[in-house]
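Novice: Below is the sequence, then the predicted model.
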Amino acid sequence: MRQENGTQEPVVDSEGPSRLQRDLLPRVLDYLRSNGLAPGDRVTELALAQHLQVSRTPVRAVMEELARQGVLDHQPRRGYSLRAVPDAPAMEAHPPGEVDQLCIRLAGDRQRNRLPAEVSEADLMRRYGVSRPLLLRVLAQLSEIGMAERKPGHGWAFLPVLDDAARRESYEFRLLIEPASVMAQNFHLDPAWVEDMRRRHQAFMAAPWGETSSITLFEMNAAFHEGLAMASGNRFILNALRQQSRIRRFSNYDWVYGLERVKVSCREHLEILDRLELDQREIAAALIRRHLEQAAGLTRPTPLD
């Protein structure tokens with residue numbers, strides 16, 4: 001599709017790339033728009049793949065297409081940088097904020113057991129007063145990240161929420177593997193990933209808290225912990241952390257611990273990166289343990305209703 005003055009939404013040629021690549025393109029654009037990137041900022045395959053929870057191969061194809069369309073610049077041995085982000089489509093039916101708001105409402109109701117594990121689209125439309133196109137976009141997004149799946153015939157099933165016992169077991173498991181991951185023999189940090197993590201954390205702490213900030217917070221947090229797992233060079237550690245991210249999403253989209261805890265968590269992440277860059281891995285492992293122990297000790301407020 002032809003691009004005029006950088007304002008038209010780019011698309012991947014439907015005759016060549018896979019359906020996954022075509023589906024990823026608008027999500028990559030959302031990432032570029034929502035993360036405060038300026039022209040000249042680096043954009044890495046690793047950061048996008050972790051954010052989108054896909055392999056780097058389809059991400060690479062999308063980045064190549066965006067370079068052809070003038071959104072990204074590519075220089076050999078230096079990688080990609082942002083040239084210009086196209087304006088959001090003027091006719092977009094449901095802006096990302098509207099989708100995220102419904103995701104948060106669904107997560108809160110699931111976490112409080114107000115929404116059954118299996119439900120029909122008609123029931124969801126009535127409950128939340130939304131159109132079918134918006135609902136289907138939200139359900140598709142939840143399906144992509146493993147939080148919901150379409151049932152045979154009709155209806156949807158949601159991933160089980162974490163009760164107190166499951167949450168405790170989750171942290172016990174993470175305490176066993178995450179500190180150990182940075183001590184792995186093949187541990188290696190990608191400098192571009194570290195740079196991206198620093199920028200995202202600093203930008204998040206500087207921004208005001210909004211209605212959909214809990215989603216941005218969780219995805220950034222998941223990218224941090226999964227990135228350390230990837231740096232371990234151990235595929236089983238990485239797969240385990242990705243599974244933990246999937247089962248934690250509903251409870252963390254429904255963030256109830258306040259803004260100060262957010263800032264504490266971000267500062268702890270940055271301190272861990274500082275130690276790892278100095279190759280002080282034993283100290284970093286101890287900081288990860290303390291970070292997880294403090295998070296495990298948080299208590300969800302009792303609902304008023």
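Specialist: Perfect, I can see it now.

Novice: Which residue is the nearest non-sequential neighbour of residue 186?
Specialist: residue 233 (3.1 Å; C-beta to C-beta, 6 or more residues apart in numbering). (Each C-beta comes from the backbone N, C-alpha and C, glycine too.)

Novice: Please tell me how far that neighbour sits from residue 200.
Specialist: Counting by C-beta to C-beta, to the nearest Å, the separation of residue 233 from residue 200 is 23 Å.

Novice: neighbour count winner among these two?
Specialist: The residue with more neighbours, out of residue 233 and residue 200, is residue 200; 22 against 14, by other C-beta atoms under 10 Å.

Novice: Doesn't the more buried one belong to a helix?
Specialist: Yes. Assigned with DSSP: H, G, I helix; E, B strand; the rest coil, residue 200 falls within a helix.

Novice: pLDDT value on it, please?
Specialist: The model reports residue 200 with a pLDDT of 89.

Novice: Enumerate every residue touching it.
Specialist: When contacts are counted by C-beta atoms under 8 Å, 6 or more residues apart in numbering, residue 200 touches 35, 220, 223.

Novice: if we go to 7 Å?
Specialist: Residue 200 sits next to 35, 220 when contact means C-beta atoms under 7 Å, 6 or more residues apart in numbering.

Novice: Likewise for residue 254?
Specialist: 104, 107, 108, 111.

Novice: how much space is there between it and residue 201?
Specialist: Counting by C-beta to C-beta - residue 254 and residue 201 are separated by 22 Å.

Novice: on that earlier part again, among the contacts of residue 254, who's most crowded?
Specialist: Using other C-beta under 10 Å as the neighbour criterion, residue 107 leads the contacts of residue 254 with 25 neighbours.

Novice: How about that one: what's its closest non-neighbour residue?
Specialist: The nearest residue in space to residue 107 (C-beta to C-beta, 6+ apart) is residue 253, at 3.7 Å.

Novice: Is it correct that that neighbour is in contact with residue 216?
Specialist: No. Here residue 253 does not reach residue 216: they are 10.3 Å apart, not a contact under C-beta atoms under 7 Å.

Novice: So between these two, which is more surrounded?
Specialist: Just comparing residue 253 and residue 216: by other C-beta under 10 Å the higher neighbour count belongs to residue 253, 24 against 18.

Novice: quick one, domains of the chain?
Specialist: Following automatic domain parsing, one finds the domains of the chain at 19-82, 96-158, 164-296.

Novice: Least reliable of these by average pLDDT, please.
Specialist: Comparing mean pLDDT across those, the weakest is domain 19-82, with a mean of 81.

Novice: For the host helix or strand of residue 175, what is the distance to the chain centroid?
Specialist: Counting by DSSP states H and E, the element that carries residue 175 is helix 164-181. Using C-alpha atoms, centre = their mean, to the nearest Å, we find the averaged C-alpha position of helix 164-181 to lie 20 Å away from the chain's own average C-alpha position.

Novice: How about residues contacting it?
Specialist: Helix 164-181 has contacts (C-beta under 7 Å, 6+ apart) with 162, 225, 228-229, 232, 237, 240, 244, 247-248, 285, 288-289, 292, 296.

Novice: Now it: buried residues?
Specialist: Taking 16 or more other C-beta atoms under 10 Å as the basis for neighbour counts, the residues of helix 164-181 that come out buried are 167, 170, 171, 174, 177, 178, 179, 181.

Novice: Repeat that for stretch 276-296.
Specialist: For stretch 276-296, the buried set under the neighbour-count rule, 16+ other C-beta under 10 Å, comprises 276, 283, 284, 285, 287, 288, 291, 292, 295.

Novice: which residues sit against that stretch?
Specialist: Defining contact as C-beta under 7 Å, 6+ apart, one finds that stretch 276-296 is touched by 171, 174-175, 178-179, 182-183, 187, 189, 194, 268, 271-272, 275.

Novice: if we go to 6 Å?
Specialist: With C-beta atoms under 6 Å, 6 or more residues apart in numbering as the contact definition, stretch 276-296 has outside contacts at 171, 174, 175, 178, 179, 182, 183, 189, 268, 271, 272, 275.

Novice: Check the gap between residue 42 and residue 63 for me.
Specialist: 12 Å.

Novice: And the two? Which one has more around it.
Specialist: Higher neighbour count among residue 42 and residue 63: residue 63, with 23 against 15, using other C-beta under 10 Å.

Novice: need the contact list for the spatially closest residue to the more buried one that is not a sequence neighbour.
Specialist: The shortest distance from residue 63 to any residue that is not its chain neighbour, by C-beta to C-beta, 6+ apart, is 5.6 Å, and that residue is residue 80. If you count contacts by C-beta under 6 Å, 6+ apart, residue 80 has them with 43, 63, 72, 74.
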